[in-house]
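A.B. asks: Quick check, what structure comes out for this input:
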Amino acid sequence: PLVDDITITMFDDHVKLDGSNLICIAARPGMGKTALALHMALEYAEKCDRAVYIFSCEMSAAQIRSRMICYLAGVDTYSIREGTFTGKEAERIAEAEEKLQQLNIVIDDKSAPTVKYIEEQIKSADDLGMIVIDYLQLMESSKKSEKRLQEIEEISRELKLLSQKKKVPVIVASQLWRRIEWRKDKHPNLDDLEKTCGFIENNLDTVILLYREGYYDASCATDDWQEAEINIAKNRYGSQGILKYQWCGRCTKFSKMKMNLKG
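C.D. replies: Now for the predicted structure:
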């Protein structure tokens, strides 16, 4: 299929991966930005036989692969880390590892990459399909400035130009303004993105904001599943709206319904 034929199922046709779409997934730490970006990368790679490049500025390539395997196998991330998975889980893990090897996904874990570095790395891709960057604030700007917000604005502008030049969607995760934590209503909005990243919204085609009430409720800390909101707050290529999901912290996964994690 063509790039603009690809739609991520969890967005209910709201978000299409247009060839020049710069998509930002923004949230406070621990809300699931990386998990959602990896979900999009995996689904794209499964649907479309094109190369997906993931630039992980914080986690190692091995950690990213482990997260993907957990997602595909539907198992607890801690059970893989500690080797405490069951026999049935071991079978699912083996199947997930084999599937991941077959997908055209390249993971680069260089810290603080520039957009120019990313361009150099994707130059050899025969059939580039998508670029994922985790995350914006850990990138370096090619134009140094005394103000970090100006550098981030420049990085976002370069990413938009890269998306247009390569005609592929670029997904970038971003942190949000920390003062959200001080508000009574902690639902994020586009202003929170501006206060963290400057005026980058002009360069963004789609903005997805993540929120979980349980994140702020200590009594929910041990729950396997929490309700999550995926807010498509800006969308030049489709509709906006809030989608309700379940979030599993144990397997870093969003799902339409709660699933049994035993065995």
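A.B. asks: list the contacts for the closest residue to E46 other than its chain neighbours?
C.D. replies: Of all residues not flanking E46 in the chain, L103 sits nearest, at 6.7 Å (C-beta to C-beta, 6 or more residues apart in numbering). Placement of C-beta: from N, CA and C, glycine included. Applying C-beta atoms under 8 Å, 6 or more residues apart in numbering to L103 gives the contacts L42, A45, E46, V52.
A.B. asks: taking the residues you listed one by one, which sit in strands?
C.D. replies: Residues of the contacts of L103 located in strands (DSSP state E): V52.
A.B. asks: The contacts of L103 in helices, which ones?
C.D. replies: L42, A45, E46 (DSSP state H).
A.B. asks: Between which two of the contacts of L103 is the distance greatest?
C.D. replies: The distance between the two most remote of these (C-beta to C-beta) is 10.0 Å, for E46 and V52.
A.B. asks: ok, these two, which is more surrounded?
C.D. replies: Comparing E46 with V52 by other C-beta atoms under 10 Å, the one with more neighbours is V52, at 23 against 12.
A.B. asks: all strands of this structure, in order?
C.D. replies: Using DSSP E, strands in the chain cover 22-27, 51-56, 105-108, 128-134, 170-175, 206-211, 225-235, 241-248, 253-255.
A.B. asks: what does the fifth one rub up against?
C.D. replies: For strand 170-175, the external contacting residues (C-beta under 8 Å, 6+ apart) are 21-29, 33-34, 37, 40-41, 130-137, 156, 159-160, 162-163, 193, 196-197.
A.B. asks: And the residue nearest the centre of this protein?
C.D. replies: The centroid of the chain falls nearest to A37 when counting by C-alpha atoms, centre = their mean (1.9 Å).
A.B. asks: follow-up on the earlier one: just name the most buried of the strands of the chain.
C.D. replies: For those, the largest average neighbour count (mean count of other C-beta atoms under 10 Å) is found in strand 22-27, namely a mean of 27.
A.B. asks: Just the CA coordinates for that strand, please, in PDB.
C.D. replies: Extracted in PDB, the C-alpha atoms of strand 22-27 (Å, rounded to 0.1, in the frame of the first residue of the first chain):
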ATOM      1  CA  LEU A  22       4.800  15.700  11.300                       C
ATOM      2  CA  ILE A  23       3.200  14.100  14.300                       C
ATOM      3  CA  CYS A  24       3.900  15.000  17.900                       C
ATOM      4  CA  ILE A  25       3.000  12.800  20.900                       C
ATOM      5  CA  ALA A  26       3.200  14.900  24.000                       C
ATOM      6  CA  ALA A  27       2.700  14.100  27.600                       C
END
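A.B. asks: Just want the angle from that strand to strand 170-175.
C.D. replies: Counting by axes from the mean of the first three to the mean of the last three C-alpha atoms, to 10 degrees, strand 22-27 lies at 20 degrees to strand 170-175.
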